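J.: Generate a structure from the sequence data that follows.
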Amino acid sequence: LRAVQLRGPTFAVSGVGWIGGSGLTPIVNSPEVAILGVARTQVLPRYVDGALQPRKILPLALSYDHRAIDGA
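T.: Model (predicted):
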């Protein structure tokens, strides 16, 4: 890689919890390599040690440019 190719953003974080959605699919914008999408925290029932308990769940979604991972 040349020095000019190493400039600019490579990773972004996007939060959409304020909209109220429970999930998302973030879109990678060039020259970014990846983006992490964060939705709104929800209290959902989960089994913990065999007992059903309320737990805070934070939905995360990671999108990435596969060319940065596998070079294709």
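J.: tell me the contacts of the spatially most central residue of the chain?
T.: Compute the mean C-alpha point of the chain, and by Cα atoms, centre = their mean the closest residue is residue 36, 2.6 Å away. Applying Cβ atoms under 8 Å, 6 or more residues apart in numbering to residue 36 gives the contacts 11, 12, 13, 14, 26, 60, 61, 62. C-betas here are computed from N, CA, C, even on glycine.
J.: Mind doing that once more with 6 Å?
T.: 13, 62 (Cβ atoms under 6 Å, 6 or more residues apart in numbering).
J.: how far away is it from residue 50?
T.: The gap separating residue 36 from residue 50 is 32 Å, by Cβ to Cβ, to the nearest Å.
J.: Kindly report the same for residue 33.
T.: Residue 33 is 41 Å from residue 50, by Cβ to Cβ.
J.: show me the contacts for residue 10.
T.: Applying Cβ under 6 Å, 6+ apart, we find residue 10 in contact with residue 33.
J.: mind redoing it with 8 Å?
T.: When contacts are counted by Cβ under 8 Å, 6+ apart, residue 10 touches 31, 32, 33, 34.
J.: and if you look at residue 61?
T.: Contacts of residue 61 by Cβ under 8 Å, 6+ apart are 23, 24, 25, 26, 36, 37, 39.
J.: hmm, try it at 7 Å
T.: By Cβ atoms under 7 Å, 6 or more residues apart in numbering, the residues touching residue 61 are 23, 24, 25, 26, 37.
J.: helix or strand for it, which one?
T.: Using DSSP states H and E, residue 61 maps to strand 60-64.
J.: May I have that strand as CSV, with CA atoms only?
T.: Written as CSV, here are the backbone C-alpha positions of strand 60-64 (Å, rounded to 0.1, in the frame of the first residue of the first chain):
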residue,chain,number,x,y,z
LEU,A,60,-25.0,-4.9,17.4
ALA,A,61,-24.4,-5.3,13.7
LEU,A,62,-21.0,-5.3,11.9
SER,A,63,-20.7,-4.7,8.2
TYR,A,64,-17.3,-4.8,6.5
